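Asks: here is a sequence together with a model predicted from it:
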Amino acid sequence: MPQASGAAAARTAFASLPAQQGGRQSAAPASSVARQDVGGAELADPGIAVHYPASGAIRLPRVPASAYVIADAKTGQVLAAKDAHGLFPPASTLKMLTAITLIPRLNPNATVLATQQAAETEEYDVGLVAGHRYKVSDLFNALLLISANDAAVALTQATGSLARGMAMINAEAHHLQAYDVVAKQPNGLPAAGQVTSAYDQALIARQALAIPAFMKYDSTLAAEFPITPKRSVPLVNQNKLLTDYRGGIGGKIGWTEAAEATYIGMARRNGTTLIVTVLHCTSLQEVTSGEKLLNWGFAMDGKVRPVGELVSPLPAVTTSHVARHPSARRPSARHPSAQRTAARKTAAGAAVASSALPMAPLAAAGCLAFATGLGGALLVRRRRPARPERESRSGP
């Protein structure tokens, strides 16, 4: 399927989208861009999508989940799916998007001052104390090993403010073409309008696999977290796939009352890496369901005709920062090319600057402007209404 053609096309799609009717997007938006179903038309179907071979087929396992995707991380082929683009609350699986957004941007050896807001975040948390400083790498351990909600807030605030961090998180989703995602809380705690899809969770997981630092945090089985200089607490990774499933290499679990159980799992066998994402699953069945789907995927990868593909991220906007020499001539602000260059540098600098701690210049200013300026979860494809959220906890 053709991919979104950038901000200009997206603006056209935004302008031509019809009004929502009863909380549901019209099935026939006027824009050709809006009609595209990211990853393939078959993934727009709310039912199960699979193409069994003529012989030797193994039937998909029945799992108690409303949506799932099984995909080959290397080829991007979606082997099977159920309601791949259906919108559901993410619960704590949203922390994976938070992590892949912030790990490349935050110095792991820097420290973050815990605010009152972070310290008072609802359970499940690691127990941050307002006014104490915490190492970024320790906070990522807490985020990914025990799904600490307070660590998510502290890390997001380390970008300069919670609002700036959330803008970066949503910009990263758009950079990945995860257009179903609307992130309101960095930890997945319930928020009106906060949604994801099984397909977009797979895009996020594929990006996570490409970030070695993420995989190191995510596969750590145990660590210590210093609450104060005199007190530490143990962290034990709650993703049982790592210890109970042959080839398990990472993932993220989540739960709220409305979301029920949510799960992202990643496993590798014989050089093949598979991703499974599960949404709105019966509680305590999410990892088992993921394992069953992974078993099917390893057995049928290369035998089934794919039902879609995981699209590639959009090109990143990069800038080069050159130190000004006293003898260098300043370009005329009146020249159009000089104005464009200055504007790009200013926007890129604003996207990555932080008063809290050093950050790596990775954020794409174009993506950040796209996310914040267009609010764009409705830009590229039609969307089904989200399931409501009621519960105030987000945890494993």
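Replies: Arrived safely.
Asks: neighbours of the closest residue to residue 251 other than its chain neighbours, just the number please.
Replies: Excluding its sequence neighbours, the residue lying closest to residue 251 (Cβ to Cβ, 6 or more residues apart in numbering) is residue 265, at 4.0 Å. Using the backbone N, CA and C atoms, a C-beta is placed for each residue, glycine as well. Here the number of neighbours of residue 265 (other Cβ atoms under 10 Å) works out to 29.
Asks: residue 265 and residue 121, how far apart?
Replies: Using Cβ to Cβ, to the nearest Å, residue 265 is found at 26 Å from residue 121.
Asks: repeat that for residue 129.
Replies: Here the criterion is Cβ to Cβ. By it, residue 129 lies 12 Å from residue 121.
Asks: SS state for residue 262?
Replies: Assigned with DSSP: H, G, I helix; E, B strand; the rest coil, residue 262 falls in the strand class.
Asks: the closest residue to it other than its chain neighbours: which element?
Replies: Spatial nearest neighbour of residue 262, chain neighbours left out: residue 254 (4.2 Å); criterion: Cβ to Cβ, 6+ apart. Element membership for residue 254 (DSSP states H and E) is strand 248-256.
Asks: how long is stretch 231-247 from one end to the other?
Replies: With Cα to Cα, to the nearest Å as the measure, stretch 231-247 spans 35 Å from end to end.
Asks: residues making contact with it?
Replies: Residues from elsewhere that reach stretch 231-247 (Cβ atoms under 8 Å, 6 or more residues apart in numbering): 126-127, 141-142, 144-147, 218-227, 248-253, 265-269, 287, 290-291, 294, 298, 396.
Asks: and that stretch, average pLDDT?
Replies: Averaging pLDDT along stretch 231-247 yields 97.
Asks: re earlier: of residue 129 and residue 121, who's got more company?
Replies: Taking other Cβ under 10 Å, residue 129 and residue 121 do not tie; residue 121 has more neighbours (23 against 14).
Asks: how about the residue lying closest to the more buried one once chain neighbours are set aside, secondary structure?
Replies: For residue 121, ignoring the flanking residues on the chain, the nearest one in space by Cβ to Cβ, 6+ apart is residue 150 at 4.2 Å. Assigned by three-state DSSP, the conformation of residue 150 is helix.
Asks: residue 150: how many residues sit nearby?
Replies: Using other Cβ under 10 Å, residue 150 is surrounded by 27 other residues.
Asks: so who does it touch?
Replies: By Cβ under 8 Å, 6+ apart, the residues touching residue 150 are 114, 118, 119, 121, 125, 126, 127, 128, 142.
Asks: the last one contacts residue 148, correct?
Replies: This means residue 142. Yes - the pair residue 142 and residue 148 passes the contact test of Cβ atoms under 8 Å, sitting 3.9 Å apart.
Asks: which residues do these two both contact?
Replies: What both residue 142 and residue 148 touch, as defined by Cβ under 8 Å, 6+ apart, is the set residue 126.
Asks: these two: which has the busier surroundings?
Replies: A direct count of neighbours by other Cβ under 10 Å for residue 142 and residue 148 places residue 148 higher, at 29 against 26.
Asks: who are the contact partners of the more buried one?
Replies: By Cβ under 8 Å, 6+ apart, the neighbours of residue 148 are 124, 125, 126, 139, 142, 187.
Asks: let's see 10 Å
Replies: Applying Cβ atoms under 10 Å, 6 or more residues apart in numbering, we find residue 148 in contact with 92, 95, 121, 123-128, 139-142, 154-155, 187, 225, 235, 395.
Asks: could you turn the buried ones of the residues you listed into a PyMOL selection?
Replies: Applying 16 or more other Cβ atoms under 10 Å to these, the buried members can be selected in PyMOL as follows:
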select buried, resi 92+95+121+124+125+126+128+139+140+141+142+154+155+187+225+235+395
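Asks: inside strands: which ones of the contacts of residue 148?
Replies: Counting by DSSP state E, the contacts of residue 148 place 225, 235 in strands.
Asks: now do the helices for this protein: every range, in order, please.
Replies: Remark: helices assigned in the chain by DSSP state H are 7-16, 32-35, 94-102, 116-119, 136-145, 149-157, 162-175, 198-209, 212-219, 241-244, 286-300, 336-352, 365-374.
Asks: tell me the pLDDT of the residue nearest to residue 125 when sequence neighbours are not counted.
Replies: Nearest residue to residue 125, sequence neighbours excluded (Cβ to Cβ, 6+ apart): residue 150, at 3.9 Å. Residue 150 is assigned 98 on the pLDDT scale.
Asks: for residue 118, see how far away residue 150 is.
Replies: Computed with Cβ to Cβ, the distance linking residue 150 and residue 118 is 5 Å.
Asks: shared neighbours of these two, which are they?
Replies: Each of 125, 128, 129, 134, 139 lies in contact with both residue 150 and residue 118 under the rule Cβ under 10 Å, 6+ apart.
Asks: hang on, isn't residue 134 packed against residue 111?
Replies: Yes - judged on Cβ atoms under 10 Å, residue 134 makes contact with residue 111 at a distance of 6.2 Å.
Asks: which neighbours do those two have in common?
Replies: residue 158.
Asks: in this structure, which residue is closest to the centre?
Replies: residue 97 (2.8 Å; Cα atoms, centre = their mean).
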